[in-house]
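> with the input below, show me the fold.
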Amino acid sequence: MKHILIINAGQSFAHSSGKFNKTVTQHTVAFFERFMDVEVKVTTISEGYDKEKEVEKFVWADCIIYHTPMWWFQVPNGFKTYIDEVFTAGHGKGIYRNDGRRSENPDINYGTGGMLQGRKYMVTSSWNAPKTAFTLPGEFFKQTSVDEGPLFGFHRMNAFASLEKLESFHFHDVEKNADILRDMQAYENHLEKVFTEIITEKLIS
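Now for the predicted structure:
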């Protein structure tokens, strides 16, 4: 049995309603329902959560899939609160043991105290910014990718817990030029590429 934890970080705030990430979450659940021996749990942060039970879910999962919008080039406040509360609650309980250093040589090995070895994670993000804002010379993000720029710290957070990164997927221009059918088809193709082989093998040895 393979265990998949999906975290929907969409939330209602100002002109955002959280509908897009709800749709992405629904498509993710539908994708994994096609496989036998796969159990899926979904946390929708805006509906509330128990931080201790969320820690248990991280320990239970073979793979964590995060779905998040990007607000002002960062994850939403509700998602950040979730991370702060759940990862802190996971100290010594399965997410991380310590920062990995030893007192005799505190200059090395920072970030090696995670406890989620053997597990993987994937993140999707949704943007008003077009993809070209990240790729074209002279455009806003100076040819720095989402993963190497705005989400760099997010990826280091997961590495701190010893999670292994899978290829991300980023939705662009979802406010002014959204095309749900096109975007969901591209996303499903991504899931096929990333998970079809993985899901048929044991994720945790």
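> report how many residues lie close to the residue lying closest to Gly90 once chain neighbours are set aside.
Once flanking residues are discounted, Gly90 sits nearest to Val55: 4.3 Å by Cβ to Cβ, 6 or more residues apart in numbering. Heads up, the C-betas are built off the backbone N, CA and C, glycines and all. Counted with other Cβ atoms under 10 Å, residues neighbouring Val55 total 20.
> check Ile180 too.
Counted with other Cβ under 10 Å, residues neighbouring Ile180 total 14.
> what sits closest to it if chain neighbours are left out?
Nearest one to Ile180, counting by Cβ to Cβ, 6+ apart, is Thr23 at 6.7 Å.
> hang on, the one you found in a strand?
No: judged by DSSP: H, G, I helix; E, B strand; the rest coil, Thr23 forms no part of a strand; its state is helix.
> neighbours of it, how many?
The burial count for Thr23: 17, using other Cβ under 10 Å.
> go through the chain and flag its longest helix.
helix 180-195 (DSSP state H).
> buried ones in that helix?
Asp183, Met184, Tyr187, His190, Leu191, Val194, Phe195 (16 or more other Cβ atoms under 10 Å).
> with stretch 117-125 instead?
Here stretch 117-125 shows Arg119, Lys120, Tyr121, Met122, Val123, Thr124, Ser125 as buried, counting by 16+ other Cβ under 10 Å.
> farthest-separated two in the buried residues of helix 180-195?
Farthest-apart pair in the buried residues of helix 180-195 is Asp183 and Phe195; separation 18.0 Å (Cβ to Cβ).
> return the subset of the buried residues of stretch 117-125 lying in strands.
Lys120, Tyr121, Met122, Val123, Thr124, Ser125 (DSSP state E).
> just those now: which is nearest Ser168?
When these are ranked by distance to Ser168 (Cβ to Cβ), Val123 comes first, at 5.1 Å.
> now that closest one. Nearest residue, chain neighbours left out?
Closest to Val123 by Cβ to Cβ, 6+ apart is Tyr66, at 4.4 Å.
> let me see the ranges of the helices in this protein.
For the chain, the helices defined by DSSP H occupy 19-32, 51-60, 77-89, 132-135, 152-160, 180-195.
> the longest one - contacts with which helices or strands?
Here helix 180-195 is seen to pack against helix 19-32, strand 169-171 when contacts are counted using 3 or more Cβ pairs under 8 Å, 6 or more residues apart in numbering; DSSP states H and E.
> contacts for it, please.
Identification of contacts with helix 180-195 by Cβ atoms under 8 Å, 6 or more residues apart in numbering yields 23-24, 27-28, 31-32, 63, 122, 124, 166-167, 169, 171, 174.
> I am finished for the moment; much appreciated.
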